[in-house]
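J.: I would like the atomic coordinates for the input below:
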Amino acid sequence: MINKTFRIPVDLAQHMDELGIPPNDIVIQALRQFFGLPLEESIVFMQQIHAWVVEQFSGQDFDEDVTLKTFRHIKEDNNLFNAYQRIVKMQEENTLHRRIGKMVKVALKAEVIGRSLQLDPAKELIKTYALLRRSTK
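T.: Residues are numbered from 1 along each chain as shown. Coordinates of the predicted model:
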């Protein structure tokens, strides 16, 4: 790898933060797209999840278990679940789960109000999750 430094406009930086993806990965993805190279599946996956979260919950009140609902959506959608399984084979499951949780929180401008109880790992993709509400700040 070669280190390069980029200055990014504030509005683009805010969009990057919403995705819960490291900025370096987003820049690499943009360059891949620009040069017509294959895109990273994990980035496309996060973009799809982000779009679903915004479509389903943005601009309205949402239940504090919105993160759980997001993971259930991943499990119920065959394409997303297959992508999830491929991605988990390439990176640590906890890292992916944290990225998804952060993306949900930031995309909905939410704040953490607690933690869930332990979930049944035979039924759910995650063990626990942050309880969220729309940020009052």
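
J.: When you work out contacts or count neighbours from here on, use the C-alpha atoms and nothing else.
T.: Will do.

J.: need the strands for this structure, in chain order.
T.: Under the criterion DSSP state E, strands of the chain are mapped to 110-115, 130-134.

J.: name the helices or strands packed onto the longest one?
T.: Secondary structure elements in contact with strand 110-115, counted by 3 or more CA pairs under 8 Å, 6 or more residues apart in numbering; DSSP states H and E, are strand 130-134.

J.: now with 10 Å?
T.: Packing partners of strand 110-115 (3 or more CA pairs under 10 Å, 6 or more residues apart in numbering; DSSP states H and E): helix 93-107, strand 130-134.

J.: How about the last one?
T.: If contacts are counted by 3+ CA pairs under 10 Å, 6+ apart, strand 130-134 sits against helix 66-76, helix 93-107, strand 110-115.

J.: Please tabulate those in a markdown table, including the columns distance to residue 13, mean neighbour count and mean pLDDT.
T.: Output for these, formatted as a markdown table (distance: least, CA to CA, whole Å; neighbours: other CA atoms under 10 Å; pLDDT from 0 to 100):
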| stretch | distance to residue 13 | mean neighbour count | mean pLDDT |
| --- | --- | --- | --- |
| helix 66-76 | 23 | 18 | 97 |
| helix 93-107 | 13 | 19 | 92 |
| strand 110-115 | 18 | 15 | 95 |
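
J.: right, and the ones you listed - which one's nearest residue 131?
T.: strand 110-115 (5.1 Å; CA to CA).

J.: Contacts for stretch 68-81, please.
T.: The contact list for stretch 68-81, computed with CA atoms under 10 Å, 6 or more residues apart in numbering, reads 45-46, 48-50, 52-53, 56, 63, 66-67, 82-87, 97, 100-101, 104, 116, 119, 123-131.
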